[in-house]
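Asker: From the sequence below, what's the structure:
(chains A and B)
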Amino acid sequence: MSATGWFAVRAPLSPRRKLILGIASFLLPLLLWSAVSYLPFLWHPQVLVTQVGDVDYLEPGMRVDRSVFAEEVASMQAAGQTPPVGEPANPVYLPAPHEVARAFYTAFTTEPEQKDAPWLHESLWHSMTIIFWGFVVSSLIGVPLGIVCGTYSAIARVHEPFIEFFRYLPAPAFGALAVAILGIHDGPKIAIIVIGTFFQQVLVIANTTRKLEFGLLEAALTLGTKRLRLITRVVVPGILPDLYRDQRVLLGWAWTYLIVAELIGTSSGITFFITQQARYQHFDNVYAAIAMIGIIGLGIDLLLAWLGRHLFPWDRSQGKH
Amino acid sequence: MSVSYLDQTDAVRERFARLQQREVILEVQGLGKTYDSHQGPVTALKDVNFKTHRREFVCVIGPSGCGKSTLIRILAGLEAHTSGQVLLDGQPVNGPGKDRGMVFQGYTLFPWLTVKKNVMFGLEMNNTGKNEAEAQARQWLELVGLTKFAEAYPHQLSGGMKQRVAIARALANQPRILLMDEPFGALDAQTRAKMQAHLLEIWRNIDITILFITHDLDEAIYLADRILVLKAHPGEVQELIEVPVPRPRSPLQFGSPEFLATKARLEALIHPASDASVHDEEDDVVPQVIRMTDVHDNVE
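Answerer: Now for the predicted structure:
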């Protein structure tokens, strides 16, 4: 183990290595998935029937367990009838990479099965607006409250014990209540995102605020800074890069509540698409939709990270995140 | 011929006489501070009394735990005292204010502001117009020789430069007194020497009274008119020494008889020789090093 080898402890990576390893982190799971899908001797617990032979209950395109298929072949051969023909296959819920890749395109171009159902891009857009409003509402209250809690011990003490309690309550538990109060459309969905995000947000941002070097506040006080200006001119700019990073993490948090939120009331957005496609056993579309959530989430995060590097030129810890 | 730290030349004696004539800027009367700890109440400061006159340079020195940092933080209004009072121009002070500028050991520059905006900060907090604040900031940056770095961010500066910005930032408010809490303690020896000379130059050229905390005896003698010597447990004033070294000061005086006599006196006050009873559990006792190798080719 040298200071520059692959296993150098906490060593900074060269840009080339960073790129290679970053691509590898996606390539390795993809490789595993491909191996399971394309190598017939790996897993493949079922047989996809291509010719039914003389077995009356089989149909072409059916999947049956390997042992059942072997029994049928044996019994047909014993009886001198035509045995069925098939090829090793994975269960229908594990489509191969190329099928999912194709679904990425076809899912957008295929007309919805129900007449008034939204197209995939409409579903995705609807999901993003739910996340957006949930996160905005949560941040409008959570960020200022977190900053004030992190600055004044008395305000923290009167809020944080209750928030600590409340954050352990699972947000979906409030689903029925949210529907009763806010109706069956977007209201309760946004509320679930808010409940799931807000309480963590206050605590995380209060903590970040507390980490601001106290000497900066003292210096500001000796320079004649008073009350509200201490917050607007010292605390807020002082924590801004960390606050921004927190918000990125919390936005990811909000995304994880999306599916649960969209199941409440009338199912909508990407969740509606996923449940519909699963019902028709179009698992390639299901995987494509799940992957799309990941791609959108990661894309937004990368965009925000890139933006952050330009917003805070003084931030020395940037580039590490 | 031995020189005492109490011997003053006529010039020095006259200087001190003139200093006494000047108005009193800061007056500390019977100042005390006790706080509660797990072992019961602790007296950090006890009955501290002194005055500083206009344009005087006072250093506060003492062993660790003597409460010199507590003292300056009380003067800045960052900590509360429990008895006595602090008067600035005759008015009692409670809480921080722009009339007392402070320079901290840890620089405490605002990392999100450029050097120029750091210096403008206090002016803007006290409602000076933006253009006026900018013009004044430029003057203070010129004073500390950092005009070229006006648009740089603090993390791009060296330690000495950061502390010059901090001095400019504190002076920009034109405080009645500049409080400095071991400001050069984190700097390397060479930079510290430069900063000491630079601070003396600033002090000579503007109307400012300075109270300077240090634990470096040479630094205190080189800079101060008078040195307030504190002792620990509890923090009390042990002596207020008038430094007999004539001004203007220069590093060449470090070997002068007055300088050495003053240093000898400070050492006697702060580190009483071989007084074992003074050692308490807080003092670092360096153990004897045991030989743990059998290498025989000693190079010493």
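
Asker: quick one: low-confidence ranges for the chain?
Answerer: Unless you meant another one, I'm taking chain A. Low-confidence segments of chain A, defined by pLDDT under 70: A:1-3, A:316-321.

Asker: my question was about chain B
Answerer: Across chain B, residues meeting the criterion (pLDDT under 70) sit at B:1, B:273-284, B:298-300.

Asker: Residues of it that sit close to chain A?
Answerer: Within chain B, the positions lying close to chain A (Cβ under 8 Å from any Cβ of the partner chain) are B:76-78, B:96-98, B:100-102, B:104, B:106, B:108-113, B:121-122, B:125-126, B:153-155, B:166, B:169-170, B:173, B:179. Where C-beta positions appear, they are placed from N, C-alpha and C, glycine not excepted.

Asker: Over in the stretch 51-200 of chain A, which residue gets nearest chain B? Let me know.
Answerer: With distances taken as Cβ to the nearest Cβ, the stretch 51-200 of chain A approaches chain B most closely at residue A:147, which sits 15.4 Å away.

Asker: Break down the chain into its helices, ranges please.
Answerer: Unless you meant another one, I'm taking chain A. If DSSP state H is used as the criterion, the helices of chain A fall at A:15-38, A:66-78, A:97-109, A:120-151, A:153-166, A:175-182, A:186-210, A:214-222, A:227-230, A:236-256, A:258-263, A:269-279, A:283-311.

Asker: not quite, I wanted chain B
Answerer: B:10-21, B:68-76, B:115-125, B:130-143, B:159-172, B:189-205, B:217-223, B:257-270.

Asker: Run through the bridge partners of the residue nearest to the spatial centre of chain B.
Answerer: Closest to where the C-alpha atoms of chain B average out (Cα atoms, centre = their mean) is residue B:212, at 1.8 Å. In this structure, residue B:212 has the following beta-bridge partners (DSSP bridges): residue B:59, residue B:180.

Asker: What count of nearby residues applies to residue A:189?
Answerer: Using other Cβ atoms under 10 Å in any protein chain shown, residue A:189 is surrounded by 34 other residues.

Asker: Check the gap between the nearest residue to it once chain neighbours are set aside and chain B for me.
Answerer: Leaving aside its chain neighbours, residue A:189 sits nearest to residue A:261 (4.3 Å; criterion: Cβ to Cβ, 6 or more residues apart in numbering or on different chains). Counting by Cβ to the nearest Cβ, to the nearest Å, the gap from residue A:261 to chain B is 36 Å.

Asker: With residue A:6 instead?
Answerer: When residue A:6 is compared with chain B (using Cβ to the nearest Cβ), they lie 31 Å apart.

Asker: isn't residue A:121 right up against residue A:108?
Answerer: Yes - under the criterion of Cβ atoms under 8 Å, residue A:121 makes contact with residue A:108 at 6.1 Å.

Asker: Quick one: residues contacting residue B:222.
Answerer: B:196, B:200, B:245, B:249, B:251, B:253-254 (Cβ atoms under 8 Å, 6 or more residues apart in numbering or on different chains).

Asker: related to what we said a few turns ago, for the helices of chain B, which one sits closest to residue A:48?
Answerer: Distances from residue A:48 to each of these were compared using Cβ to Cβ; the minimum, 70.1 Å, belongs to helix B:115-125.

Asker: ok, residues contacting that closest one?
Answerer: Counting by Cβ under 8 Å, 6+ apart, residues outside helix B:115-125 touching it are A:220, A:223-226, A:229, A:233, B:98, B:101, B:109-110, B:113, B:130, B:132-134, B:136-138, B:140-141, B:146, B:149-154, B:157, B:165, B:168-170, B:172-173.

Asker: Buried ones only from those, please, as a PyMOL command.
Answerer: To isolate in PyMOL the members of the contacts of helix B:115-125 that are buried, counting by 16 or more other Cβ atoms under 10 Å in any protein chain shown, one can use:
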select buried, (chain A and resi 220+223+224+225+233) or (chain B and resi 98+101+109+110+113+133+134+136+137+140+141+146+149+150+153+154+157+165+168+169+170+172+173)
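
Asker: thinking again about what came up before, who touches the residue of the stretch 51-200 of chain A closest to chain B in this structure?
Answerer: Contacts of residue A:147 by Cβ under 8 Å, 6+ apart are A:205-206, A:209, A:231, A:235-236, A:239, A:243.

Asker: By neighbour count, which of these wins?
Answerer: So for the contacts of residue A:147 (other Cβ under 10 Å), the most neighbours sit at residue A:205, 26 neighbours.

Asker: list the contacts for it?
Answerer: If a contact means Cβ under 8 Å, 6+ apart, then residue A:205 has A:142-143, A:146-147, A:149-150, A:243, A:246 as its contacts.

Asker: same check, this time on residue A:47
Answerer: Going by Cβ under 8 Å, 6+ apart, residue A:47 touches A:63-66, A:69, A:86-89.

Asker: Restricted to strands, list those residues.
Answerer: With strands identified by DSSP state E, the entries of those that belong to them are A:63-65, A:86-89.

Asker: Pull out the buried residues from those residues.
Answerer: In the ones in strands among the contacts of residue A:47, burial by neighbour count holds for A:64, A:86, A:88-89, counting by 16+ other Cβ under 10 Å.

Asker: Contacting chain B as well, which ones from those residues?
Answerer: Counting by Cβ under 8 Å from any Cβ, no member of these reaches chain B.

Asker: for the residues you listed, which one is nearest residue A:170?
Answerer: Proximity of these to residue A:170 was ranked by Cβ to Cβ; the top entry is residue A:89 with 38.3 Å.

Asker: What number of residues are in the vicinity of the closest residue to the closest one other than its chain neighbours?
Answerer: With sequence-adjacent residues excluded and distances taken as Cβ to Cβ, 6+ apart, residue A:89 is closest to residue A:48, at 3.8 Å. Counted with other Cβ under 10 Å, the burial measure for residue A:48 works out to 17 neighbours.

Asker: buried stuff in stretch B:175-195?
Answerer: When neighbours are counted by 16+ other Cβ under 10 Å, the buried residues of stretch B:175-195 are found to be B:175-184, B:186-187, B:191-193, B:195.

Asker: Now, of the contacts of residue B:222, which are buried?
Answerer: B:196, B:200, B:245, B:249, B:253.

Asker: now for those, which pair is the farthest apart?
Answerer: Of all pairs drawn from the buried ones among the contacts of residue B:222, the widest gap by Cβ to Cβ lies between B:196 and B:245 and measures 13.5 Å.

Asker: partners of the residue nearest to residue A:89 in the sheet?
Answerer: Here residue A:48 shows beta-bridge partners residue A:63, residue A:87, assigned using DSSP bridges.
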